[in-house]
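Enquirer: Need coordinates for the below:
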Amino acid sequence: METELINDRLKSYQLKEITELKNIELAKRFIEFLDSSDYDSMKKIFSNDFKLYWGSTNEPLSLEDFIPLHKMFYTAFPDYKHSIEGIFASGNYVVARILLTATHKNDFQGIAPTNKKIAYKSIQIYEIQKDKLKTAHAVEDEMTMMQQLGMELKMKD
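Expert: Numbers count the residues shown, from 1 in each chain. You can find the predicted model right below:
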């Protein structure tokens, strides 16, 4: 009886570990698709009701809302790249610590190209259900990015 209980728990832990490893691989594929602008592959790994929560906005973006935003970034920064510095999973969630790097080659939100190299951090949290990305939450250090582009933070008059 005791041996069966131990075997059942072991199987449960193994299944959880396998699921978490699969979820990490799915998150990594998504990040690869971001850097290659592979929208067709991205669509295949998203659930039909995928939502992205980005920055401090409370309103989620759908995939259709996200694609133009993505294109805007990769047009301004053609070599934009996500480098995973750390990643782990717990159940249906994957958390990644990411270093974002790029070179400012084209207009970005009214800022003329500076040819400056930028590097800043992001934390991203993915929820995965039925082997598909259901939600993504991304918080990025946009202030550091803007300062590297030459912007200044000033007090209001």
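
Enquirer: Helix or strand: which one has residue 5?
Expert: Here residue 5, judged by DSSP states H and E, is contained in helix 2-36.

Enquirer: Okay, now the unreliable bits of this protein?
Expert: Along the chain, the model assigns pLDDT under 70 to no residue.

Enquirer: cutoff 80 now
Expert: 1, 5-10, 12-13, 55-58, 157 (pLDDT under 80).

Enquirer: could I get the longest strand belonging to it in CSV with only the CA atoms?
Expert: Looking across the chain with DSSP state E, the single longest strand is strand 117-129. Taking Å, rounded to 0.1, in the frame of the first residue of the first chain, the C-alpha atoms of strand 117-129 are listed here in CSV:
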residue,chain,number,x,y,z
LYS,A,117,22.6,50.8,-28.9
ILE,A,118,20.1,50.2,-26.1
ALA,A,119,19.9,47.5,-23.5
TYR,A,120,17.1,47.1,-20.9
LYS,A,121,15.3,44.5,-18.8
SER,A,122,11.9,42.9,-18.9
ILE,A,123,10.0,40.4,-16.8
GLN,A,124,7.4,38.3,-18.7
ILE,A,125,4.9,35.9,-17.3
TYR,A,126,3.1,33.4,-19.6
GLU,A,127,0.0,31.4,-18.8
ILE,A,128,-0.3,28.2,-20.8
GLN,A,129,-3.4,26.1,-21.2
